[in-house]
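Visitor: this one's structure only:
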């Protein structure tokens, strides 16, 4: 057997996790889906390096990641938050198929905007799968441990043909506040005034993580008419805007709990959940009602 | 099923629908009917105490999914106790729980009657949650409905068998808990080395067996 090509972690940065498409269909036994927080950016990375869509990548929060190719050259692409990248000191481009030579160091700086970058390596990361997925779920603790200095990740064989393109154009990004589209309900009548969600300019709390984006700067007080009632726990899903008794909403992200006992007053449309996953603590965020 | 007793479909973004039913037993029946109807485009089902969250996989529009779900009919002859197509898991229990006397007093039964009532029913797994592998069981004798303990225990051992409200359940791992504990089992409820790791899954059936002191 030949020694597989591997990536050796030299710096992990604030948080570097192995993620893939997650564990769908297992909510009934209390296991959430998890997987990449920004699914679009993750999928684009796999496409650029010619991986199958199930291949695992590194999800890097706020850059600061450094790794060295061991045992051979490898191909990679960096998507999501555009962290500046160098390979052996040479500057690389975001959303572009790049080559890292054996022994060279891949170095990520801090992205100018966005929160999570995806490092897709041709062949995928060959971390141990749990319940059919290599994703780390920070809530349940399932999946590989967060990457740390000295870790070596083997590169797998989850690749197909290279795609006809080796670069994807940058999505447009205005400087305006992020506005997430939300569908009202199912439990909008459990807060006094659900419209306060779309009237308020919220600030993303630094207590946000992959479980949820917590919002400060306003409040959705419970409906007085339901003061003596308790909502039985019900299923939750990515994008749900849950309001605990304190009134400060939480937007559920990839590692949200499978069920929750606080009312979900609105749900972010699926396409905008990726946008939410890239919004940084300290930034402002608004909401806009849409029909499903 | 008449209009007013049918499930209520609530909007849940553009990928999911929250189906609201009268109680956990009705939710189990509805999930059975949904599974039998083999509707396309469903990525995940999250049954809970009064609701079932149906998550679409994005291949079918939410309007079309909603229409399909509104047409699900629960056969009237089908009840919670129609368990022929459910796998029945037998669980041996030592009925020596610290709350067995309290449960006997709350229900007005003797300890032995509590045991006989608990082992006499075929329970159904309504939903999971709380911890991986924890199953909320319904379909027991109504006489076994007891409130949670007034104060929760900070430590309930793995394998503890409890009662709370309409539910019975088995703690998959040591955790805090407020259920009335009537016994314990050696069955492993959650094992990542096993496929599937959860012994009990929604829709499944459970029979408790009095294992005396030897379980």
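Guide: It's in. Predicted, not measured: the structure shown is a model, and the values here were computed from it.
Visitor: Let's see the pLDDT reported for residue 129.
Guide: I went with chain A, as the question did not name one. On the pLDDT scale, residue A:129 is placed at 94.
Visitor: hmm, I had chain B in mind actually
Guide: Value for residue B:129, per-residue pLDDT: 77.
Visitor: List the residue ranges of chain B that fall below the pLDDT cut-off.
Guide: B:1-5, B:75-86, B:213-215 (pLDDT under 70).
Visitor: burial count for residue 181?
Guide: All of this refers to chain A. Applying other Cβ atoms under 10 Å in any protein chain shown, we find 19 residues neighbouring residue A:181. In this view, the C-beta of every residue, glycine as well, is placed from N, C-alpha and C.
Visitor: was after chain B, sorry
Guide: Residue B:181, neighbours per other Cβ under 10 Å, totals 22.
Visitor: Repeat that for residue B:154.
Guide: 8.
Visitor: Sheet partners, orientation included, of whichever helix or strand it is part of?
Guide: If you go by DSSP states H and E, residue B:154 is part of strand B:153-156. Note on strand B:153-156: by DSSP bridges, its sheet partners are strand B:175-177 (antiparallel).
Visitor: Now do the strand holding residue B:154: everything it contacts.
Guide: Outside strand B:153-156, the residues that touch it by Cβ atoms under 8 Å, 6 or more residues apart in numbering or on different chains are B:162, B:171, B:174-179, B:181.
Visitor: Dump those into JSON lines; add distance to residue A:24 as well.
Guide: Below are those laid out as JSON lines (distance: Cβ to Cβ, whole Å):
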{"residue": "B:162", "distance to residue A:24": "30"}
{"residue": "B:171", "distance to residue A:24": "27"}
{"residue": "B:174", "distance to residue A:24": "29"}
{"residue": "B:175", "distance to residue A:24": "26"}
{"residue": "B:176", "distance to residue A:24": "29"}
{"residue": "B:177", "distance to residue A:24": "29"}
{"residue": "B:178", "distance to residue A:24": "32"}
{"residue": "B:179", "distance to residue A:24": "30"}
{"residue": "B:181", "distance to residue A:24": "34"}
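Visitor: Can you flag the buried ones in these?
Guide: B:162, B:171, B:175, B:177, B:179, B:181 (16 or more other Cβ atoms under 10 Å in any protein chain shown).
Visitor: Please identify which pair of the residues you listed lies farthest apart.
Guide: B:175 and B:181 (12.5 Å; Cβ to Cβ).
Visitor: How much space separates residue B:176 from chain A?
Guide: 15 Å (Cβ to the nearest Cβ, to the nearest Å).
Visitor: What residue, apart from its backbone neighbours, is nearest that residue spatially?
Guide: Once flanking residues are discounted, residue B:176 sits nearest to residue B:154: 5.2 Å by Cβ to Cβ, 6 or more residues apart in numbering or on different chains.
Visitor: Tell me which stretches of chain B form helices.
Guide: Using DSSP state H, the helices found in chain B span residues B:24-37, B:62-70, B:100-107, B:111-120.
Visitor: right, and those helices - which one's nearest chain A?
Guide: Closest approach to chain A among these (Cβ to the nearest Cβ): helix B:62-70, 5.1 Å.
Visitor: If you count contacts, what does that closest one end up packed against?
Guide: strand B:8-12, strand B:16-20, strand B:51-56 (3 or more Cβ pairs under 8 Å, 6 or more residues apart in numbering or on different chains; DSSP states H and E).
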